[in-house]
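# Based on what follows, work out the 3D shape:
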Amino acid sequence: MKIPADHPLRLELNHEVHARPPEALAPPLRLTFLALFSDASQRDREHEHVCSLARRYGAPEPAPGATHYSADLGPFRIKWERHTEFARYKFIVDGPCDDPFGQPAIKVVPADWLAAMPGETMVAAHAALISAGPDTPDSESLAARHFAGNALVGAGIAGGAGIALTDCRIHDGFGRMLVFDRGMTPRQAGRMMQRLLEIDTYRMMALLALPVARSLTPALTTSERELAQITSTLAGAGESDEPALLDRLTRLEAGIESIESQHHYRFAAAAAYYELVQRRIEELRETRIQGMQNFQEFTERRLAPAMNTCQAVSSRLDSLSQRVARATQLLSTRVDVSRERQNQGVLESMNRRAEAQLRLQQTVEGLSVAAITYYIVGLVGYAAKGLRGAGLDVNPDLAMGISIPVVVVIVALGLRRVRKVVLHARD
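Model prediction:
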């Protein structure tokens, strides 16, 4: 059956739902997890670094442009995933071990390759998946043996099919986590382990916004005070003060926009990471262990206040930006009104000058009629004298007197006609 051609992105988008599948994990095993912060410029370097490890063990290399890769290299399994701001690595060693944190999985990874990994460590953790019966492990003895006696955080996971324990502390550069399998399938165990590790990763990525929020607080306080001073002055300011106030507001708005453009992504990313943390905790399907904080309580009690601080600073920055924009618009309106008033005064002055020019022009036209009439009547007198000299009975004085009104009318009409022609040509 023939159907229309595929959309160019159909296969890519369909395969996206299968991207980064969790590893199937069966106890006993040890796992080391690394999340390295790195920007987009290091993606090619990361890819090549993973390729070099695959070549060292004779394993297939990740495809060009790949963002995830998993392979069994013999002594250990590796899973690499590239995300927007960080890359994740899992090193997995199967088999029993008396001390999973004394002999972690990362011990079998080449040290020179580890030292050359691109990026900065955000999360590093050792984990162990251990078979267990239906009884709840003794948390006190486990804390004394593996977690330096620290209070543990944990819960039943996968609806009670497993138990996860950690102290959320760093021991010799690595966090520690014990996961007890009480009937999980390998795929289920892999999903649970991945979610547990993602909670820690996304929590740390979300908290990157907290130092930014704290550092911006003094600057926001100063800007708010400046805005309050400007608006207070604006209420009683005169026209002469408006340019200086507008300059202050413009500088303040530029500074706030600069801060917002620099840190908007960090706050938006923090909100997205926080949402992922909450979603991953929900997917654990926790069951409470008596006398122990579960992951939901521990994370919310410590992460939620930090995220609220970030949200408050982000909202405060956005509100300040809007208030400065409104004040700038208000002052700009006042300046525009002042300019319109000045322009109106200029136009009125121009109208007065135009009226004066018109009156002057009419006066000049009147004088012109008199002058032209005087010269024409004089010519009429000379003509009459010439006719009398030729023998005709003509009185020059009488001829000049009779010609005066006629000449005045003709000259006035002529000048009026000339003015109309000039005005029409100008229009």
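
# So which bits of stretch 127-135 are buried?
The neighbour-count check on stretch 127-135 (16 or more other Cβ atoms under 10 Å) flags Ala127, Ala128, Leu129, Ile130, Ala132 as buried. Quick note: C-beta positions are derived from backbone N, CA and C, even for glycine.

# So which of these are in strands?
Ala127, Ala128, Leu129, Ile130 (DSSP state E).

# Let's have the buried residues of stretch 127-135 in a markdown table, adding pLDDT and distance to Arg82.
Formatted as a markdown table, the buried residues of stretch 127-135 follow (pLDDT from 0 to 100; distance: Cβ to Cβ, whole Å):
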| residue | pLDDT | distance to Arg82 |
| --- | --- | --- |
| Ala127 | 96 | 21 |
| Ala128 | 95 | 26 |
| Leu129 | 95 | 25 |
| Ile130 | 94 | 30 |
| Ala132 | 88 | 34 |
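
# which one among those gets closest to Ser332?
Ala127 (59.9 Å; Cβ to Cβ).

# I figured the closest one was touching Asp200, is that so?
No. Using Cβ atoms under 8 Å as the test, Ala127 is too far from Asp200 to be in contact (10.2 Å).

# Spit out the residues that contact these two alike.
The contact sets of Ala127 and Asp200 do not overlap (Cβ atoms under 8 Å, 6 or more residues apart in numbering).

# quick one: which of the ones in strands among the buried residues of stretch 127-135 is nearest to Asn294?
Closest approach between these and Asn294, by Cβ to Cβ: Ala127, at 17.7 Å.

# quick one, helices of this structure?
Per DSSP state H, the chain carries helices over the ranges 10-16, 43-56, 111-115, 139-146, 186-207, 209-235, 242-284, 295-389, 396-426.

# roughly how far out does the second one sit from the chain middle?
The one in question is helix 43-56. Mean C-alpha position of helix 43-56 versus that of the full chain (Cα atoms, centre = their mean, to the nearest Å) differs by 33 Å.

# quick one: Leu276 from Leu347, how far?
Per Cβ to Cβ, to the nearest Å, Leu276 is found 63 Å from Leu347.

# for Ala272, same thing?
Applying Cβ to Cβ, the value for Ala272 to Leu347 is 57 Å.

# likewise Arg169?
78 Å.

# what's the weakest-modelled helix or strand in this structure?
helix 10-16 (a mean of 67; mean pLDDT, DSSP states H and E).

# returning to what we had before: among the buried residues of stretch 127-135, which one sits closest to Val380?
Nearest to Val380 among the buried residues of stretch 127-135: Ala127, at 125.9 Å, using Cβ to Cβ.

# For burial, what's the neighbour tally of His49?
By other Cβ atoms under 10 Å, 18 other residues sit near His49.

# I'd say it and Pro118 touch.
Yes. Counting by Cβ under 8 Å, Pro118 is a contact partner of His49 at 6.3 Å.

# tell me the pLDDT at Ala19?
Ala19 is assigned a predicted lDDT (pLDDT) of 64.

# Met117 against Phe37, yeah?
No. Met117 lies out of contact with Phe37 (Cβ under 8 Å); the separation is 11.6 Å.

# the more surrounded of the two?
The neighbour comparison of Met117 against Phe37 (other Cβ under 10 Å) goes to Met117, with 19 against 16.

# what's the neighbour count on the closest residue to Tyr57 other than its chain neighbours?
Excluding the flanking residues, the one nearest Tyr57 by Cβ to Cβ, 6 or more residues apart in numbering is Leu73, at 4.0 Å. By other Cβ under 10 Å, 16 other residues sit near Leu73.

# Let me see the contact set for Leu73.
Residues in contact with Leu73, defined by Cβ under 8 Å, 6+ apart, are Leu53, Ala54, Tyr57, Ala59.

# could you measure the second one against Gly381, distance?
Ala54 sits at a distance of 123 Å from Gly381 (criterion: Cβ to Cβ).

# picking up where we left off before, mind putting the ones in strands among the buried residues of stretch 127-135 into CSV with distance to Val377?
Below are these laid out as CSV (distance: Cβ to Cβ, whole Å):
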residue, distance to Val377
Ala127, 123
Ala128, 129
Leu129, 128
Ile130, 133
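
# quick check, nearest of the residues you listed to Leu387?
Ala127 (135.0 Å).

# Does the closest one have any beta-bridge partners, and if so which?
With DSSP bridges applied, Ala127 shows beta-bridge pairing to Leu31, Met177.

# cool, and the one 4 residues further on?
With DSSP bridges applied, Ser131 shows beta-bridge pairing to Asp181.

# Flag the shaky bits of the stretch 301-427 of the chain, pLDDT-wise.
Within the stretch 301-427 of the chain, the stretches with pLDDT under 70 are 334-339, 341-342, 345, 354, 358, 360-367, 369, 422-427.

# Next: the stretch 151-300 of the chain.
237, 239-240.

# And the stretch 1-150 of the chain, by the same measure?
Flagging of the stretch 1-150 of the chain using pLDDT under 70 yields the residue ranges 1, 12-13, 15-20.

# Apart from its chain neighbours, what residue comes closest to the residue nearest in space to the middle of the chain?
The chain has His264 as the residue nearest its centroid, 4.4 Å off, counting by Cα atoms, centre = their mean. Closest residue in space to His264, ignoring its immediate chain neighbours: Ser314 at 8.0 Å, by Cβ to Cβ, 6+ apart.

# what sits against that neighbour?
Counting by Cβ under 8 Å, 6+ apart, Ser314 touches Ala213, His264, Phe267.

# out of the contacts of Leu73, which is most surrounded?
That'd be Leu53 among the contacts of Leu73, by other Cβ under 10 Å, with 21 neighbours.

# Would you mind confirming that it makes contact with Ala116?
No. Leu53 is beyond contact range of Ala116, at 10.2 Å (criterion: Cβ under 8 Å).

# what sits against Leu152?
Neighbouring residues of Leu152 by Cβ under 8 Å, 6+ apart: Ser139, Leu142, Ala143, Leu165, Thr166, Asp167, Met292.

# before we move on, back to that, and Ala272 and Leu347? Which one has more around it.
Comparing Ala272 with Leu347 by neighbour count (other Cβ under 10 Å), the higher total belongs to Ala272, at 13 against 10.
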